[in-house]
Every structure is written in structure tokens, then in C-alpha cells.
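>>> Next one to model:
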Amino acid sequence: MKLRPFFALLVGTAAVAAESRLNVLFIASDDMRPQLGLYGDQVVKSPNLDRLAARGLAFDRAFCQMALCSPSRISLLSGRRPATTKVYTIDPQLTVRTHLPDITTLPQHFKNNGYYTRSLGKIYHVGIDDDASWSEPAWHAGKLAPRLGPVGRAAQQERVQSAKQAGKTLPVKGAGSAGMASPAFESVDCADDELLDGACAREAIAQLRAFAKNPAQPFFLAVGFANPHVPWVAPKKYFDLYDPAKLILPANNYPPKDAPAYAATTGSDFLQYAGVPQTKPLPADFGRQCLHAYLAAISYVDAQVGRLLAALEETGLAKNTIVVFWGDHGYYMGEHSWWGGKHNNYHGATRVPLLIAVPGQKTAGRHSRGFVEFVDLYPSLSDLCGLPAPRDAAGLEGTSFAPLLADPDRPWKKAVFSQYPKGGNLGTAMETERYRYVEWRKGERLVDRELYDHANDAAENQNVAARPEYAAAIANLEKQMSAGWRAARP
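Have a look, this model is predicted:
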């Protein structure tokens, strides 16, 4: 048989010869930043994701292309950057095919090569899907609610609907200033499956068991969890894992200094949830309650991931299934006085958790500090599963990181890129080994710059773009930005 080149490199020829085609379990979590034990956090309880990292590779410097749900997901699933997809907002009219009608998406590429592809939960976005990507219509727990107001409401209404169908009622308090129908967080005395993410895990387990009955049929199963997107709603037992009085809030509760006012914002929609104080910085006691709820929501997702990993072992599918875990963008929980938000071009909004475990992987338990981006997932999974290039492969704007799974320390990308429109300008950010550099343009005209020196300011508290001592660095970064993502490839 013809060996899959990267899989052979990872696990050896004998293992390849014994296996059929590799399946893919593709797990997403909404608004989960890299606040996990595997990334060194000492507070969060994430044993199952830590276990997944122990059997795979954790990427320490993975980044999305835009810090907003639908644009990020469309970029990832298309393998194209926002400048190509032209999707910069959440809008039911803006799908992966609005500007690229003939595109072959990542799951569609697997489907075209004989895989059965399924979407459970939030993979594209609630109400913004792509039928051509899947072998059957996307599944969501409960009746999908229409998008009313800010992005969090549809997710919360879906949770409420799921709970009602299970015979439970989520407490819903008075509306916030913009008509929000829920508080920012809720501890519910119920079983996992009585809320949205538990119901999603239950459906995924049933699907894995069904796949196990037909092992000759390869599959690409995408499972999207809604937590820890605000509102943070999780069973009480996950709240009980933490004592809010012991949680420490970020010290930098102020916006980045000397940054453009329009650029240094995020999280305004969080203020619209019922009961959220309309002050900045948020009162410390309420902030600790928010962080408590966010951590509980992470642990709830972690438990569902554990159920999926257990189902893989139980069904025997673990031996030939690649597991990928990703969060769609970064998040702020008090840093710069931003709560429950992303919506900008900073490091904290764009750095994401990314884990990948290949059966028999020789580098299991390792970390890679190589720069990787979400657009890299498409070519990487295609390589790892030995698929031919898609018909529109020339349009892919990522680089396969499969070589990093064999050698996590090898030299890799020189920079990663993201975009975000704010204040009528389009910001393009580039992160290098030392700097995060942002250019804000109105059309072709340069309006503003930001520069953060991570060697001296890892938290991005001070924009130093205007300081004379950084003039040479600015000149070099401007040239590197102009050369673009293609010049940054390994």
C-alpha cells in the first residue's frame, strides 16, 4: 500500500501498514482562551484536555486570523484569510460561500475523498452553516433561536431550550440595557446532559458508536461546544471546583497606554447582560464571580472532551482517529479592564489553544513554540490523512504544520497575522518573535500604528510605536508586514 508520508514519519511504517484510513475528531470550544493546565495555568481544572495534550502535541503559539466567532471559523474551515473571505462580521448573509461560491472547504475536502462528515453543535456559527461541507445537515441541541441582539443571546436561548426539553428551567433574570434575556453567568443544579454542551457530547458519543459499527467508513466528526462563551452556564458541580474568594484578578485593569482609542476596546456587549455593573474597571467582587463562572465553563467543556476521549477508547476508534482541539479565538477576563470580549487585534484576543493527537505519535506529550495559524489546519489535516490536494489548493493560504509533529522544535514561521476592522479602519496585526506590530489603514492610507515589545511588555500595556528608540524596529517591521504572510512561511 502507498504510505501516508507524514503519518509514516510520526509513527513508523509498521503502524501505517496495520491501519486503515485515519478518522478525524475535530473538537471546537467557543471563546476558550489558552487558560488550561497544559499551558501552565495553576488554577483551572482541565484534566481531560491535559490528558489529550499528553498523547499529542500542544501548540504554545497558535493564532486565529480574526478575533470574532464567525470570521475566525470561516477562515479556519476555508483555509483562507479574512482579506480573501471578506467576512469581517457576524451576519447570516455572510457565509463561507458569499464571496467564494465554488470553494472546497476543509470538511468538504474530506467528504469529497470518501469521508462521512458530520457537524454537531457550533462549528461554523449558529444560523451560519454550509450544507456542502457535511454528509447530512448540521445538528444542534434544541430548537435554534433566531439571532436577536448581541452574539451571546442565541447561544443562551439554545441552552434554555435544551434545558426545557430535558424538563429543567434555567433561571432567567431581567433584561439588561440592550434587552438581554439572561445574566452573565448561571450555576444550574443539573446533570451535564441537561444543558447544551452535555447534550452535544451525548450526541457525539452516539455518533462515534455508530461509526464504530462500520469501521471501513472513514469519518470527519466536528463537535462544537458553546462554552465558555458568555453567558457562562454550567452545572453546579463545576462551579463547586473553585472558590471565587481565592481567585486573583489581572493587575493591568487599564487599556493599553498611548494606543488609538478606537483600537483599544472590546467587550461592550458584556455590559448588556443583566446584572453586570456599568463601571470600568468592574468591581473586584463581581470580577471574581465572572472569573469563577468562566473557569467553571471551561471545566464543563473539559469534562465533555473527556467523555469523547473515553468513547474513542471504548469503541476501539482511538487507534486510528486523529483528535484536534481548538478554541476559535482568544478572550479577555479583566486584562485592560476588558471582560467577556475579544473584538480587537491584540495578542490576548488572537492567541488560541490548539492540540492535535495522532495515533502512535512519537512526539506525544511535547509542546511546539513554532508559530502556527488557523489557516494551517486545512493543509495539515489533509497531509496527515494522506488526502490529495483539493482542486482549488492554489487558493489555500496556510502551511501544513505536519512537520512540527515529527520535530516540534524545528525552525518554523517568522510571523503570524490577524485582522480586525475598528473605527472605520482595518487593522492588520503581525506578531514576530519579539514584537506585535499593527497597522491601521483607511483604504490604502496608513492612519495609525501600534507596537508592543514583548521582551519588555508581554501584557501589551504600552504602545511604543511613537518612541524614537523603536524607529529602526518600526522600519524593519513595516517591510516585513508589506512582504506579508507568504514571506513569513518556513
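
>>> And the next helix or strand past the helix or strand hosting Ala297?
If you go by DSSP states H and E, Ala297 is part of helix 284-315. Using DSSP H and E, the helix or strand that follows helix 284-315 in sequence is strand 321-327.

>>> what sits up against the following helix or strand past that next one?
Counting by DSSP H and E, the next helix or strand C-terminal to strand 321-327 is strand 332-333. Outside strand 332-333, the residues within contact range by Cβ atoms under 8 Å, 6 or more residues apart in numbering are 33, 35, 250, 266-267, 290-291, 294, 338-342, 348-349. Glycine gets a C-beta too; all of them are placed from N, C-alpha and C.

>>> can you map out the strands along the stretch 51-200 of the chain?
57-59, 62-63, 116-121, 185-188 (DSSP state E, counting those that start in this stretch).

>>> Could you single out the most deeply buried of those?
Ranked by mean neighbour count, these are led by strand 62-63 with a mean of 26 (mean count of other Cβ atoms under 10 Å).

>>> Need the strands of the stretch 51-200 of the chain in CSV (columns: mean pLDDT and distance to Tyr242).
Output for these, formatted as CSV (pLDDT from 0 to 100; distance: least, Cβ to Cβ, whole Å):
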stretch, mean pLDDT, distance to Tyr242
strand 57-59, 98, 23
strand 62-63, 98, 26
strand 116-121, 98, 25
strand 185-188, 95, 11
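
>>> about what we covered before: looking at pLDDT only, which of the contacts of strand 332-333 scores worst?
The weakest per-residue confidence within the contacts of strand 332-333 falls on Gly267 (77).

>>> does the residue lying closest to that residue once chain neighbours are set aside have beta-bridge partners, and which?
Distances taken as Cβ to Cβ, 6 or more residues apart in numbering place Gly341 nearest to Gly267, at 2.6 Å, with adjacent residues excluded. Legend: beta-bridge partners of Gly341 under DSSP bridges are Tyr332.

>>> burial count for Gly341?
Other residues near Gly341 number 23, with proximity taken as other Cβ atoms under 10 Å.

>>> Tell me how far it lies from Gly348.
10 Å (Cβ to Cβ, to the nearest Å).

>>> got any residues that touch both of those two?
Shared contacts of Gly341 and Gly348, counting by Cβ under 8 Å, 6+ apart, come down to 331-332.

>>> Any stretches of the stretch 101-250 of the chain with poor pLDDT?
142-181 (pLDDT under 70).

>>> Helices of that one, residue ranges please.
Shown for the stretch 101-250 of the chain, the helices assigned by DSSP state H, counting those that start in this stretch span residues 106-112, 151-165, 196-212, 236-239.

>>> Alpha carbons of stretch 103-117, as PDB, please.
Below are the C-alpha coordinates for stretch 103-117, written out as PDB (Å, rounded to 0.1, in the frame of the first residue of the first chain):
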ATOM      1  CA  ILE A 103     -14.700  26.900  -2.600                       C
ATOM      2  CA  THR A 104     -13.800  23.500  -1.300                       C
ATOM      3  CA  THR A 105     -14.000  23.700   2.500                       C
ATOM      4  CA  LEU A 106     -11.900  21.600   4.900                       C
ATOM      5  CA  PRO A 107     -14.700  19.200   5.800                       C
ATOM      6  CA  GLN A 108     -15.900  19.200   2.100                       C
ATOM      7  CA  HIS A 109     -12.400  18.100   1.000                       C
ATOM      8  CA  PHE A 110     -12.700  15.100   3.300                       C
ATOM      9  CA  LYS A 111     -16.200  14.400   2.100                       C
ATOM     10  CA  ASN A 112     -15.000  14.500  -1.500                       C
ATOM     11  CA  ASN A 113     -12.400  11.900  -0.600                       C
ATOM     12  CA  GLY A 114     -14.900   9.300   0.800                       C
ATOM     13  CA  TYR A 115     -15.200  10.500   4.400                       C
ATOM     14  CA  TYR A 116     -18.600  10.800   6.200                       C
ATOM     15  CA  THR A 117     -18.600  14.300   7.600                       C
END
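
>>> From the chain's centroid, how far away is it?
Distance of stretch 103-117 from its chain centroid, counting by Cα atoms, centre = their mean, to the nearest Å, is 21 Å.
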